[in-house]
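> Structure here, sequence nowhere to be found:
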Ligand SMILES: *[C@@H]1O[C@H](CO)[C@@H](O)[C@H](O)[C@H]1NC(C)=O
Ligand SMILES: *[C@@H]1O[C@H](CO)[C@@H](O)[C@H](O)[C@H]1NC(C)=O
Ligand SMILES: [Zn+2]
């Protein structure tokens, strides 16, 4: 059951006061009037009522809805179908200085399926109960974010604000099934290159309390397969350097490393997204027989696969070294392959240093992995993120 308490349960943030005292902003517009508030809620409900449930989302309706909103905000619009029937809607608010890189606010339009019979209210009814909670599939993940972008733009425009950098809003399809026909295609396209994006805001995690959390980076996945070879032998014989023995030495070493990372999280010293996670995904070994496996034979090959997640703050080279020297050393007749999403270089000074403690690293989602640049925020983009965050933060509580 997905329940949204008055908009405040997803995405970004930060404690407003901390930021307010850290930096000076343009003064925000006053809180919305009662009438504006109910319009904001109705627009949100309208979006929620569109059944964009996988596996057959109504993208026609969601596209039309977004375009209508964009028109009311005089934003430039573009609809791209890299794959037929899977539209990406891209909106643009041109900046005053076109030489500057732009900002992209991304959200996905699709939602995961729901079983209506298990819901208190219909998943696409957007019912509001007496406490002001809005019930709908996608209310948290992540239609609320898409609408917060829109409402923030609406308020900024109403206040006469003119951004220096161009601002793009993308509404992408199919995130819930991997994003391959949506954001992935966009990230590989010339359209994206021409947008000259320097920073992207995307989804985060729902917050169970009144704190908004800002995730300033995201871990990248590495899929590691290690392979051991060794002399085959009779199952009754004890000898050194069998494939299984060699593989198990590695698995033991990987497990110790995993425990050391997990201990940091358990002790509260690091967030879940700040450590390297390693989880075994498969084990492949043995000699098949008609009834299962040959039991009296030590096989000559054995493989294991691991899902590893690496925070951008971690030195990837040291992990590569660890893999080559400890987890799959050639000296133990082992080899390995890593399928990795490119690690993006950190640029300039990272504000994450400064606001450490209030911000945290996201533990991982599919939607953002395609565009590496979104992972990091540099000093000169910092104020832009903050004015945006500020508008979110000020907008949201004032709606409650
Ligand atoms: C949403 O639309 C799909 C596809 O048309 C349909 O199968 C599903 O039952 C709808 N979900 C609800 C809750 O109405
Ligand atoms: C590696 O393989 C070679 C050749 O089969 C063998 O002589 C050697 O003992 C093996 N070493 C280890 C550590 O498994
Ligand atoms: Zn999502």
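Yep, it's here. Keep in mind that this is a model prediction, so the values were computed, not measured. Ligands and ions are numbered 1, 2, ... in the order given.

> Residue 285 versus the residue in the chain that ligand 1 sits nearest to, what's the distance?
Closest to ligand 1 within the chain is residue 51: 3.7 Å, counting by CB to the nearest ligand atom. Quick note: C-beta positions are derived from backbone N, CA and C, even for glycine. Per CB to CB, to the nearest Å, residue 51 is found 46 Å from residue 285.

> before we move on, what about residue 127?
Applying CB to CB, the value for residue 127 to residue 285 is 53 Å.

> Roughly how far does the residue nearest to residue 237 when sequence neighbours are not counted sit from residue 229?
By the measure of CB to CB, 6 or more residues apart in numbering, the closest residue to residue 237 outside its immediate chain neighbours is residue 298, 7.7 Å from it. Residue 298 is 12 Å from residue 229, where distance means CB to CB.

> which neighbours do these two share?
Residues touching both residue 298 and residue 229 by CB atoms under 8 Å, 6 or more residues apart in numbering: residue 243.

> Quick check: buried residues in stretch 125-135?
Neighbour-count burial for stretch 125-135, counted by 16 or more other CB atoms under 10 Å, picks out 125, 126, 127, 128, 134, 135.

> Contacts (any at all) between ligand 1 and it?
No. Stretch 125-135 lies out of reach of ligand 1 by CB under 6 Å from any ligand atom, never closer than 9.1 Å.

> now do stretch 82-91
No. Stretch 82-91 stays out of contact with ligand 1 when judged by CB under 6 Å from any ligand atom, the minimum separation being 13.3 Å.

> how about that stretch: buried residues?
Buried residues in stretch 82-91, defined by neighbour count with 16+ other CB under 10 Å: 82, 86, 87, 88, 89, 90, 91.

> do the same with stretch 98-111
Of all the residues in stretch 98-111, those buried under the rule 16+ other CB under 10 Å are 100, 101, 102, 103, 104, 105, 106, 107, 108, 109, 110, 111.

> which ones are touching residue 57?
51, 109, 110, 111, 173, 174.

> With secondary structure and pLDDT as new columns, can the residues you listed be given to me in TSV?
Listed next are those as TSV, based on DSSP: H, G, I helix; E, B strand; the rest coil; pLDDT from 0 to 100:
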residue	secondary structure	pLDDT
51	coil	98
109	coil	97
110	coil	97
111	strand	95
173	coil	96
174	coil	93
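
> that older thread, take the buried residues of stretch 98-111 and keep only those in helices.
Residues of the buried residues of stretch 98-111 located in helices (DSSP state H): none.

> hang on, the earlier thing: let me know the closest of the buried residues of stretch 125-135 to residue 42.
Set against residue 42, the nearest of the buried residues of stretch 125-135 by CB to CB is residue 126 (9.4 Å).

> I'd like to know how many residues surround whichever residue of the stretch 101-250 of the chain sits closest to ligand 2.
As assessed by CB to the nearest ligand atom, ligand 2 sits closest to residue 241 within the stretch 101-250 of the chain, at 3.2 Å. Per other CB atoms under 10 Å, the neighbour tally for residue 241 reads 13.

> Please identify the helix or strand for it.
For residue 241, there is no host helix or strand (DSSP states H and E).

> Need the pLDDT of residue 160.
Residue 160 carries a pLDDT value of 87.

> Return the residues in contact with it.
Residue 160 makes no contacts at all, as judged by CB under 8 Å, 6+ apart.

> likewise the one 5 residues further on?
With contact taken as CB under 8 Å, 6+ apart, residue 165 is in contact with 95, 97, 100, 101, 102, 103, 198, 384.

> let's go with 6 Å and repeat that
Contacts here follow CB atoms under 6 Å, 6 or more residues apart in numbering; on that basis residue 165 touches 95, 100, 102, 103.

> so which two of those residues are the farthest from each other?
Pairwise distances across the contacts of residue 165 peak at 9.4 Å for 100 and 103 (criterion: CB to CB).

> any chance you could map the helices in the stretch 151-300 of the chain?
Secondary structure of the stretch 151-300 of the chain (DSSP state H, counting those that start in this stretch): helices at 183-187, 190-195, 243-266.

> JSON lines for those, including distance to residue 56, mean pLDDT and mean neighbour count?
Below are the helices of the stretch 151-300 of the chain laid out as JSON lines (distance: least, CB to CB, whole Å; pLDDT from 0 to 100; neighbours: other CB atoms under 10 Å):
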{"stretch": "helix 183-187", "distance to residue 56": "19", "mean pLDDT": "87", "mean neighbour count": "22"}
{"stretch": "helix 190-195", "distance to residue 56": "26", "mean pLDDT": "92", "mean neighbour count": "13"}
{"stretch": "helix 243-266", "distance to residue 56": "39", "mean pLDDT": "98", "mean neighbour count": "16"}
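
> Export those to TSV and append columns for distance to ligand 3.
Shown next, in TSV, are the helices of the stretch 151-300 of the chain (distance: least, CB to the ion, whole Å):
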stretch	distance to ligand 3
helix 183-187	11
helix 190-195	20
helix 243-266	23
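
> Of all those, which one is nearest residue 77?
Across these, residue 77 has its closest neighbour in helix 190-195 (13.3 Å, CB to CB).

> Contacts made by that closest one with the rest, please.
Helix 190-195 has contacts (CB under 6 Å, 6+ apart) with 102, 168, 186.

> Kindly report the same for stretch 277-296.
Residues outside stretch 277-296 that contact it (CB under 6 Å, 6+ apart): 235, 254, 258, 297, 299, 302-309.

> avg pLDDT for that stretch?
Averaging pLDDT along stretch 277-296 gives 96.

> can you pull the buried residues of it?
Residues of stretch 277-296 classed as buried: 277, 278, 285, 286 (neighbour count, 16+ other CB under 10 Å).

> ok, now how distant is the second one from residue 271?
Summarising the geometry, the distance separating residue 278 from residue 271, computed by CB to CB, is 17 Å.

> just the last one next, same as before
Look at residue 286 and residue 271: by CB to CB, they are 39 Å apart.

> Next, count neighbours for residue 320.
By other CB under 10 Å, the residues close to residue 320 number 14.

> Surely residue 113 and residue 53 touch.
Yes. Counting by CB atoms under 6 Å, residue 113 does reach residue 53; the two are 5.2 Å apart.

> now residue 224, nearest residue through space, not along the chain?
Spatially, and ignoring its direct neighbours in sequence, residue 224 is nearest to residue 306 (4.6 Å; CB to CB, 6+ apart).

> All good on my end, thank you.
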